[in-house]
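Student: Below are the sequence and a predicted model; questions follow.
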Amino acid sequence: MSEISVRPELGSFDHYARLLQRSLGVPVGLVSIVEEYRQVFLGALGLPDPWQEARETPLSHSFCQYVVAREEPLIIEDAREEPFLADNLAIPVLGVIAYAGWPITDSRGKVVGSLCAIDGEPRAWTPVDLENLRDLAAACSAEIAQRELVQASAHLVAELERSNEHLATLGSQVSHDLQNPIQALTGTLELLDEELEAEPPSVDTMALLVSRGHKCATRMSALVKDVLRYAVVGGELAKHDLDVTDLVTSVLDDVPTLASVDVHLGDLPSVRADGLQLRLLLQNLLTNVAKHAGGGSVEVQAHLDDDVWVLEVVDHGRGVPVEDRDRIFASHTRLDHSVPGSGLGLATCRRVVAAHGGTIGLVETPGGGATVVVRLPR
C-alpha cells in the first residue's frame with residue numbers, strides 16, 4: 001500500500017466529508033488515506049463510534065484499499081452481493097452497504113487514498129453523484145498536493161538557512177584548515193630546492209619529496225571539496241569504516257608543528273565516520289595540543305564503550321580551568337593570547353562531532369594536563 005509523504009492532521013479535511021454529505025445526500029463521508037496495515041481518515045463525518053473518534057480502522061474494515069490497489073473508482077450498490085467483499089468487516093461493523101470511492105492523489109500523482117460516500121442502504125449511484133464525487137476528489141487531491149509542497153518548501157527554507165550558516169563561516173574555516181597542509185607543502189618544496197642544489201642531487205630523495213608534495217596537494221583539494229559539500233543544501237556525511245591509525249599518521253605527516261611533539265599512539269579501533277571530517281577533527285585536536293602541551297608527550301588512544309567509539313587525546317601541560325572547559329569550543333575563543341591561533345580549531349572539532357551525532361568535552365588529565373574526550377556512535 002502507498003502512504004502519503006506528508007500526512008495532514010486528522011480532521012483537517014472534514015470539510016470534504018461535509019460536502020459529500022450535502023451534495024450526494026449520504027450519511028457518511030470520508031477522506032481516507034490507505035497505509036500498509038490501516039486506513040486513516042483525514043476527513044470523517046457520520047461514522048459510528050468508536051471509529052469516528054479513532055479516525056482509523058484496520059484494512060479488514062476497508063473498501064478504500066481496493067481504490068488504491070486498482071487506482072480506479074470503486075462503485076458498489078450493495079456490498080452484500082459482491083463476492084470479493086463477503087468477508088470485509090466494514091459491512092457488519094461499520095454498516096457499509098452502498099459505497100462510492102474515487103481515487104485521491106498526492107503531489108506526485110500517486111494514488112494514496114479514496115474520497116468516499118457511504119450509505120447504510122442499497123443505492124444506485126446516479127451519474128450526477130459520480131460527477132460530484134469526481135470533482136470533489138480532484139479538489140481534495142489538489143489540496144493534499146498543495147500542503148505537501150508547502151511542507152517541502154518549509155524544509156527547503158530550513159536547509160537554505162543551514163547552508164547560509166555554513167557559508168558564513170566557510171572562508172575562515174577554509175583558511176584555517178588549509179594552513180597546515182600548505183605549510184607542509186611549502187616545507188617540502190623548500191627541501192626539494194635544497195636537494196636540487198646538492199652535488200649531486202639524490203634522485204630517490206627528490207622522488208620522495210615530490211610524492212609527499214603531491215599527497216599534500218591532493219589532501220588540500222579534497223579538503224576544499226569537503227567544506228564546499230557541507231555548505232550546499234542537503235550536504236550529508238559520507239561515512240565509511242576508517243583506519244584511525246592511518247588517519248593520525250597522515251596528520252602527523254602534514255602538520256610541521258607536530259614534528260617536535262612526542263606523540264604516542266595507543267590502540268585505535270576503527271570507526272564509521274566521514275573520512276575527511278574525522279581527519280579535520282584529528283588535525284585540529286593534535287595541532288591545539290601541540291601548542292599547549294608544554295613540550296610534554298601526547299597520547300592518542302581510543303576504545304569502544306558498547307556502541308560508542310571513544311577517542312581521547314591526552315596532554316600533560318598546564319590544563320584548562322573548569323570554568324573554561326565548555327566555552328573553549330566556541331568560535332574565536334582563545335584562552336592564551338601568547339600562543340598564535342585563530343580560535344577556530346576546537347570550534348571546528350565541535351562542529352565535526354555534532355555532525356556525526358556525537359559529543360566532545362574536556363577533562364583534567366590525572367597528574368595535570370588536559371584530556372579531550374570525543375564520543376561518536378559506531
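Tutor: Received the coordinates, thanks. Worth saying up front: this structure is predicted, and the values here are computed from it rather than measured. Residues are numbered from 1 along each chain as shown.

Student: Who does whichever helix or strand His303 is part of pair with, and is each partner parallel or antiparallel?
Tutor: His303 belongs to strand 298-305 when elements are defined using DSSP states H and E. The strands beside strand 298-305 in its sheet (DSSP bridges) come out as strand 263-265 (parallel), strand 308-315 (antiparallel).

Student: Okay, buried residues for it please.
Tutor: Taking 16 or more other Cβ atoms under 10 Å as the basis for neighbour counts, the residues of strand 298-305 that come out buried are 298-300, 302. To be clear about C-beta, it is placed using only N, CA and C from the backbone, and glycine gets the same treatment.

Student: Report pLDDT for Leu344.
Tutor: Predicted confidence (pLDDT) at Leu344: the value is 59.

Student: contacting residues around the strand holding His303?
Tutor: Residues outside strand 298-305 that contact it (Cβ atoms under 8 Å, 6 or more residues apart in numbering): 244, 248, 261-269, 271, 282, 286, 289-290, 309-315, 375, 378.

Student: ok, 10 Å please
Tutor: Residues from elsewhere that reach strand 298-305, judged by Cβ atoms under 10 Å, 6 or more residues apart in numbering: 244-245, 248, 251-252, 258, 261-271, 282, 285-286, 289-290, 309-317, 365, 369, 371, 374-376, 378.

Student: Please name the nearest non-neighbouring residue to Thr257.
Tutor: Counting by Cβ to Cβ, 6 or more residues apart in numbering, Ala290 is the residue found nearest to Thr257 once chain neighbours are left out, at 5.1 Å.

Student: So that neighbour: helix, strand or coil?
Tutor: Look at Ala290: counting by DSSP: H, G, I helix; E, B strand; the rest coil, its state is helix.

Student: now Val31
Tutor: Val31 carries the three-state label strand when classified by three-state DSSP.

Student: go on, Ile328?
Tutor: When states are read from three-state DSSP, the local structure at Ile328 comes out as helix.

Student: so where do the helices sit in the stretch 251-378 of the chain?
Tutor: In order along the chain, the stretch 251-378 of the chain carries the following helices (DSSP state H, counting those that start in this stretch): 275-292, 345-355.

Student: same question, the stretch 51-200 of the chain
Tutor: With helices called from DSSP H, counting those that start in this stretch, the stretch 51-200 of the chain shows them at 51-54, 64-70, 90-94, 127-197.

Student: Now tabulate those in TSV and tack on distance to Val322 and mean pLDDT.
Tutor: TSV is the format used below for those (distance: least, Cβ to Cβ, whole Å; pLDDT from 0 to 100):
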stretch	distance to Val322	mean pLDDT
helix 51-54	54	92
helix 64-70	61	96
helix 90-94	65	95
helix 127-197	27	74
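
Student: quick one, which of these is nearest to Thr105?
Tutor: helix 127-197 (4.6 Å; Cβ to Cβ).

Student: contacting residues around the closest residue in space to Val96 that isn't next to it in sequence?
Tutor: Among residues not flanking Val96 along the chain, Ala90 sits closest, at 4.3 Å (Cβ to Cβ, 6+ apart). With contacts defined as Cβ under 10 Å, 6+ apart, Ala90 is in contact with 39, 51, 57, 59-64, 79, 96-97, 99, 118.

Student: Most neighbours among those, which one is it?
Tutor: When neighbours are taken as other Cβ atoms under 10 Å, the top entry among the contacts of Ala90 is Tyr99 (29 neighbours).

Student: now that one, nearest residue through space, not along the chain?
Tutor: Of all residues not flanking Tyr99 in the chain, Ile76 sits nearest, at 4.3 Å (Cβ to Cβ, 6+ apart).

Student: what do you get for Leu24?
Tutor: Nearest residue to Leu24, sequence neighbours excluded (Cβ to Cβ, 6+ apart): Ala117, at 4.8 Å.

Student: I'd guessed that neighbour sits against Leu74; true?
Tutor: No: counting by Cβ atoms under 10 Å, Ala117 does not reach Leu74; the two are 11.2 Å apart.

Student: Gln39 bridge partners, please.
Tutor: In this structure, Gln39 has the following beta-bridge partners (DSSP bridges): Val34, Thr57.

Student: any idea how far it is from Ala139?
Tutor: 20 Å (Cβ to Cβ, to the nearest Å).

Student: And for Leu304?
Tutor: When distances are taken as Cβ to Cβ, Leu304 and Ala139 turn out to be 57 Å apart.

Student: before we move on, the earlier item: what's the closest of the helices of the stretch 51-200 of the chain to Glu35?
Tutor: In terms of Cβ to Cβ, the element of the helices of the stretch 51-200 of the chain nearest to Glu35 is helix 64-70, at 9.7 Å.

Student: Quick check: buried residues in that closest one?
Tutor: Buried positions in helix 64-70, judged by neighbour count with 16+ other Cβ under 10 Å: 64-68.

Student: can you check stretch 308-317 too?
Tutor: With burial defined by 16+ other Cβ under 10 Å, the residues of stretch 308-317 counted as buried are 309-317.

Student: and what of stretch 70-89?
Tutor: The neighbour-count check on stretch 70-89 (16+ other Cβ under 10 Å) flags 73-76, 79, 85, 88 as buried.

Student: if I look at Ala117 and Leu74, which residues touch both of them?
Tutor: 99-102.

Student: taking the mean pLDDT, what do you get for the strand holding His303?
Tutor: Within the predicted structure, the mean pLDDT of strand 298-305 is 87.

Student: hang on, the earlier thing: let me know which of the helices of the stretch 51-200 of the chain is tucked in deepest.
Tutor: helix 64-70 (a mean of 20; mean count of other Cβ atoms under 10 Å).

Student: Contacts for that helix next, please.
Tutor: With Cβ under 10 Å, 6+ apart as the test, helix 64-70 has contacts from 1-2, 30-35, 38-39, 41, 57, 59, 62, 72-74, 76, 84-85, 88, 90, 99, 101-104, 110-116, 137.
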